[in-house]
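Enquirer: okay, here's the prediction I keep looking at, along with the sequence it came from:
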Amino acid sequence: MRPVPGLGAAGLARIASAAVSTTQTLGYCDDHLHLLACAAARRSVDVQAAASVGELLDIVGHAVRSSASPRMRQDCQDSAEGNGGDSRQWLRVWGYDDSLLDERRHPTAAEVDAVTHGVPTVLHHVTGHVAVVNAAAGRALGLTSGEVLVERQDLLAAVPRDDRSATVAGVTEVLADLVAAGITACTDATHTNDIGALELLAEAAAGVPSVKVTAMVGADRLDSLEDLDFGETVLSSGGAADAGAVRVGHAKVMPPHDDDSAIADLVAAARAHRFPVAVHVMDIDTLQATLDALEAHPPPAGTATSEARRPMPDRTVPDRIEHCALALPEQLDRIARLGVAVVTQPSFVTRRAQKYREQLSPTEQAWLWPLASLLRRGIRVTLSSDAPTVPPDPAEWIEAATGRDIAPTERIDAETARRLCMEAGADR
């Protein structure tokens, strides 16, 4: 069984050496990952090792030559032109990061065309937020040519997928790898999740009952839950005794590309369903819009509270900020006042150190991926991976949290880092 991308024997050994005695009774929690994307990455051509656009294209070209006969390539082209087809006739590539390639750019659709010879190809960025489609794939998706797509899940949803049984099997394998890493709870933070996705995840979870799975639901997809509420359970197999279970998590708010104005509307939609929210925040402007929206639309009774608000009699759950990659000190003060939790990924500051040093000023670097600053303010924090972008490797998160070179004042001690990996997630 192939492990989650990036987590191999060495990673498991580091986890074992970093673990403390409490792991015998309490496992790690990966509080922000994407299970379906992890499963898809396993079935993709992996280009994470490519250092340049040329190396990336060499890997893609080799994959096409290895897997597609001339006849198959013609079938693929015919299928693409007909806007349909089998997922086996498409090539899915995953794992490049333009900011780390020598050229510091995305490959162009024309470059991908040159090595794919008519095979519909989708090249996914390591973050999952950008994809390059070649001309054959573009035509199948209703485009006039290949393109670099930013946050176009609406188009990519039309790409042929594996059948349900293969997808369930893939997610089950991912969950089994989490168990091997000492992870016994996880939160799927995918903003496109709806009831169908939760039912699929529940079916996969039946095969690995030792992992407690919580799954967020897109704030724009809460109607699909019908009578299900936050914190309730979705069962597979019609509720059979041996069914898998997934807990309904926060409403995930993904700000549209370059349009933070939609955040308030999405938060309001979640409040109408009495859901706490988890907002994707990667920059200062988005954080400001998020805090404004949370102040304008406070959570209803029974979903969240803080010391700054009137305590509710029920067990309460805070809203969440996912990532919090860049934040001003005064914004951190505001997060604390609002009682919002932060779910962060310390590995990003080490894995992308080169990018940050090239693109940000020393002042901006000091605001990157706050951690110690959050804890000093009493903000609830959990560590996580954002897998498959970063491996679900708690030892790596601990190492990054304790030894980061950028903004070293944000380092925390190892015992605190381990505790933040083990605490129950912000919606538990």
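Expert: Thanks, I have it.
Enquirer: okay, CA-based contacts and neighbour counts for the rest of this
Expert: Noted.
Enquirer: for the closest residue to Leu156 other than its chain neighbours, phi and psi?
Expert: Counting by CA to CA, 6 or more residues apart in numbering, Leu156 lies nearest to Leu141, which is 7.6 Å off, once chain neighbours are set aside. Dihedral angles of Leu141 (phi, psi; degrees, to the nearest 10) stand at phi -90, psi 10.
Enquirer: per-residue pLDDT, Leu141?
Expert: Confidence at Leu141, expressed as pLDDT, is 92.
Enquirer: cool, the one 10 residues further on as well?
Expert: The per-residue pLDDT reported for Glu151 equals 77.
Enquirer: give me the number of residues near it?
Expert: A total of 16 residues lie near Glu151 under the criterion other CA atoms under 10 Å.
Enquirer: and the helix or strand containing Leu294, how far out from the chain middle?
Expert: Using DSSP states H and E, Leu294 sits in helix 284-296. Distance, stretch centre to chain centre, for helix 284-296: 21 Å (CA atoms, centre = their mean, to the nearest Å).
Enquirer: is it true that the residue nearest to Leu156 touches Leu155?
Expert: Yes: look at Leu141 against Leu155 with CA atoms under 8 Å: they come within range, at 6.3 Å.
Enquirer: who has more neighbours out of these two?
Expert: Legend: neighbour count by other CA under 10 Å for Leu141 and Leu155, higher for Leu141 (23 against 14).
Enquirer: report the separation between the closest residue to Asp46 other than its chain neighbours and Val45.
Expert: Of all residues not flanking Asp46 in the chain, Trp94 sits nearest, at 5.3 Å (CA to CA, 6+ apart). As judged by CA to CA, to the nearest Å, Trp94 and Val45 stand 6 Å apart.
Enquirer: right, and the helix or strand after the longest helix belonging to the chain?
Expert: In the chain, taking DSSP state H as the definition, the longest helix is helix 164-180. Sequence-wise, the next helix or strand downstream of helix 164-180 (DSSP H and E) is strand 183-188.
Enquirer: could you name the helices and strands sitting against that next one?
Expert: The elements that strand 183-188 packs onto, with contact taken as 3 or more CA pairs under 8 Å, 6 or more residues apart in numbering; DSSP states H and E, are strand 28-33, strand 212-218.
Enquirer: dump these into JSON lines; add mean neighbour count as well.
Expert: Rendered in JSON lines, the data for the helices and strands packed on strand 183-188 read as follows (neighbours: other CA atoms under 10 Å):
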{"stretch": "strand 28-33", "mean neighbour count": "27"}
{"stretch": "strand 212-218", "mean neighbour count": "27"}
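Enquirer: how about the helix holding Leu294, which residues are buried there?
Expert: Neighbour-count burial for helix 284-296, counted by 16 or more other CA atoms under 10 Å, picks out Ile284, Thr286, Leu287, Gln288, Ala289, Thr290, Leu291, Ala293, Leu294.
Enquirer: is the closest residue in space to the third one that isn't next to it in sequence in a bridge, and if so with what?
Expert: Looking back up the chat, that one is Leu287. Counting by CA to CA, 6+ apart, Val281 is the residue found nearest to Leu287 once chain neighbours are left out, at 5.8 Å. When bridges are assigned using DSSP bridges, the partners listed for Val281 are His323.
Enquirer: list the contacts of Val281.
Expert: Leu287, Thr290, Ile321, Glu322, His323, Cys324, Ala325 (CA atoms under 8 Å, 6 or more residues apart in numbering).
Enquirer: before we move on, what about Cys421?
Expert: Contact partners of Cys421, counting by CA under 8 Å, 6+ apart, are Tyr28, Cys29, Asp30, Thr382, Leu383, Ser384, Pro394.
Enquirer: ok, so of these, who is nearest Ile195?
Expert: Each of the contacts of Cys421 was scored against Ile195 by CA to CA, and Asp30 proved nearest at 21.6 Å.
Enquirer: ok, the closest one touching Leu383?
Expert: Yes: using CA under 8 Å, Asp30 is in contact with Leu383, at 7.1 Å.
Enquirer: where in the protein is pLDDT low?
Expert: Screening the chain residue by residue with the criterion pLDDT under 70, one finds the ranges 1-26, 68-88, 237-242, 301-316, 423-428.
Enquirer: can you pull out the strands in it?
Expert: Applying DSSP state E to the chain gives strands spanning 28-33, 45-46, 91-96, 121-125, 130-133, 147-150, 183-188, 212-218, 233-235, 245-253, 277-281, 320-323, 341-344, 381-383.
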